[in-house]
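S.K.: sequence and predicted structure below; questions after.
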Amino acid sequence: HFGDPCVPVKVKSLFISWRTIALALLLSVAAGLSSIAEPIDRIIEAAVGRVAWRPVSGDIVVVALDDKTMEQASRGDFSAAQHARVINAINAAQARRLFVDFTYERRQNDRDLPQLTNAVKRMKSRIVLAASARLEAGDRIGLASFPSRAFGTDARIATIGWKYEFWQVWRVPFAFDIGGKLIPSFSSELANRHPTTAGAYALDYSYNIDTITTYSASDVMSGKVGRRELAGKDVIFAATSATFQDTHYLPGNNRVPGAYIHLIGAETLKRRMPIDIGWVPGLAFASLALLGGMAFRRARWFTISALSTVGSLIAVKLVLMTMLISISIGSACFFVAAIGTNVSRTRRRRSAQQENPVSGLPNFEALRTQAPYGSATVIAAKVVNFEDLAAFIPGEGLSKLVGQVTRRLQLASQGTTLYHDLDGTFAWLVPYYQHSQIETQLMGLAALFNAPLTIDELKVDVSMAFGVNDEFEGSNAQRLAAALVAAEKSIRTRSL
C-alpha cells in the first residue's frame, strides 16, 4: 500500500545509493552501444582460439601457392598459364568444386590469359571466382571488383572480404550487398548456405587450424596429388606464400593464410547458423545479481556476488560459444567494475568512520553496527581520568599510552576484536563458553595495571574500571551502553 514503511528501509539497505547504481547502469549501456567494452569479449574469444581443440571436417582442402611452388616459378611469378594448369589438374582430379581465392585484374593484358579463362570455362558452375570486397566502419563496402567477363557466365561469384577489429578477423560476412545485388561470401558458398540478407557472423574460434589439409600446387601440377586426395572435395586454390602477403591475424593464432579463414568460416556455418544475442542479456543478469549481493549489506557477500557474477558471465559465454551463440559480456563486466569500485570506496569511507585515529582499532560505531551480540557478554574498560592524562602527557605520549593499554587489554580479549572509543574507553565481546572466566580475567587485568606504564622517561600510573553486560536482550547499542554505565559506576564506587 502507499506509504509502506518497508520501502525506505530497502532503499537504505544497499551499500551505495540508487543514484550511483543508475549512473553505473547508464554508463554500462553506453559501453554496450559503443565499442568501449569489446576488448573484454575479444580477450575471452582469443583465449578460446589459443586452446582450439576442434578438428575440421576434412571436406574442404587447400591447394596452396606455397613457398615451394613459388621457388619453382619463373622469376618468382606464377603466370596465368600456370594458374590454368592448376585449375585443369584439380578439374581432372574430379574435385567437387573449386574456389579460386585470386583476383586477376592485373592479368587482363597477359598473353596467356585465354588459357586461364578456358580452364575456368571448362569447370562451368563447379568453379567459384573471387570478388574482392571489404567491410569498413558502419559495415559499408570499402572496395568491390568483379571477375572479367572473359571468364564466361557459368562460374559462380563469391566475395573474399571480411571485417577487421583490433587488427584481427573476428567476423566474416554471410554476404555483401553490392549495388543492390546480394553476393555470398566464400564461406557461405562452401557451406552451401544461401543468405537472404547481407550481414556478418562470428567465427567458431575452437577450430584447430593445424587440422586443415593443405597440398602444394606444385604437387598438384606434377600429379603427385590427384584424384585420391581431391575427388569429391571442395578445394580452395589460394596463396600461402609470404610473397603474396595474404595472411591475417586470427584470434588466438598468429598470421594465417586467408584461405584458412574462409575454411573455418565454412566449418562454422556447416554446424549451424550463428546467432548473436548482443549485450543486453548479460547486463540484465549482472544488474540483478549485484543488486541481490548488495542487499546483504556484508562486504564478504558482495565480493562473492561480484566474483560469482563475472565467473558466471564468462562460463555462460564459453558454453554459448560452443553452441555458436554469441553474447557480449563486456558491458556487464563494466557494470560489475563500476559498482565494485563504488562499493569499495564506500566501504573504505565507512571503515575510516569506524576506526579510532589514535589506536587504529575499530571504534564503538563499528561495534554497534555489527551482527547482534547474541549470547556474548559485553565488557567495557575505561581509563580513569583519561582527560587529565591526555593533558599531562606531552607530544606523541598519548598514542604510546593508548598503545600500551591496548596491548595489556588484548591479553584479556584472547583474540576477539578490541574496540576503542575516543574518550579512552575500550570494549570487547566474550563468547558464551568463556563466561565463567570473566571475573578472573578482569581481576588479573586490574592487577596488571597496578604496574605503571613507561612513556618515554615518564612513569604513569593508570587505573582501569570495568563494566559487564551479560543480558542477552536489547539491541547492540543498548547492551554496549549498559556496559559503559557499569564501568562509570565502578569508577564512582572505586571497584572493578
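M.R.: Nice, thanks for sending it over. Since the model is a prediction, treat every value here as computed from it, not as a measurement.
S.K.: hey, let's count contacts and neighbours off CA atoms from now on
M.R.: Noted.
S.K.: so V128, which state does it fall into?
M.R.: strand (DSSP: H, G, I helix; E, B strand; the rest coil).
S.K.: tell me how far it lies from S188.
M.R.: V128 sits 12 Å away from S188, going by C-alpha to C-alpha, to the nearest Å.
S.K.: neighbours around T440, how many?
M.R.: T440 is flanked by 11 other residues according to other C-alpha atoms under 10 Å.
S.K.: again with the one 3 residues further on
M.R.: If you count neighbours by other C-alpha under 10 Å, M443 ends up with 12.
S.K.: please, which helix or strand holds it?
M.R.: M443 is located in helix 438-448, with elements delineated by DSSP states H and E.
S.K.: mean confidence for that helix?
M.R.: For helix 438-448, mean pLDDT is 83.
S.K.: so how far is that helix off the chain centroid?
M.R.: Its chain's C-alpha centre and that of helix 438-448 lie 55 Å apart, by C-alpha atoms, centre = their mean, to the nearest Å.
S.K.: which neighbouring elements make contact with it?
M.R.: Applying 3 or more C-alpha pairs under 8 Å, 6 or more residues apart in numbering; DSSP states H and E, we find helix 438-448 packed against helix 397-413.
S.K.: now do the helices in the stretch 251-400 of the chain.
M.R.: For the stretch 251-400 of the chain, applying DSSP state H, counting those that start in this stretch gives helices covering 258-271, 280-295, 299-322, 330-353, 364-368, 386-392, 397-413.
S.K.: grab the CA positions of the first one and hand them over as PDB.
M.R.: What it means is helix 258-271. The C-alpha coordinates for helix 258-271 follow below in PDB (Å, rounded to 0.1, in the frame of the first residue of the first chain):
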ATOM      1  CA  GLY A 258      43.200 -16.100 -45.900                       C
ATOM      2  CA  ALA A 259      42.100 -19.500 -47.200                       C
ATOM      3  CA  TYR A 260      42.100 -20.800 -43.700                       C
ATOM      4  CA  ILE A 261      39.700 -18.100 -42.600                       C
ATOM      5  CA  HIS A 262      37.300 -19.000 -45.400                       C
ATOM      6  CA  LEU A 263      37.600 -22.600 -44.500                       C
ATOM      7  CA  ILE A 264      37.000 -22.100 -40.700                       C
ATOM      8  CA  GLY A 265      34.100 -19.800 -41.600                       C
ATOM      9  CA  ALA A 266      32.600 -22.600 -43.800                       C
ATOM     10  CA  GLU A 267      33.100 -25.200 -41.000                       C
ATOM     11  CA  THR A 268      31.300 -22.800 -38.600                       C
ATOM     12  CA  LEU A 269      28.300 -22.400 -41.000                       C
ATOM     13  CA  LYS A 270      28.100 -26.100 -41.600                       C
ATOM     14  CA  ARG A 271      27.400 -26.700 -37.900                       C
END
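S.K.: point out where the stretch 101-250 of the chain drops to low pLDDT.
M.R.: Within the stretch 101-250 of the chain, the stretches with pLDDT under 70 are 134-144.
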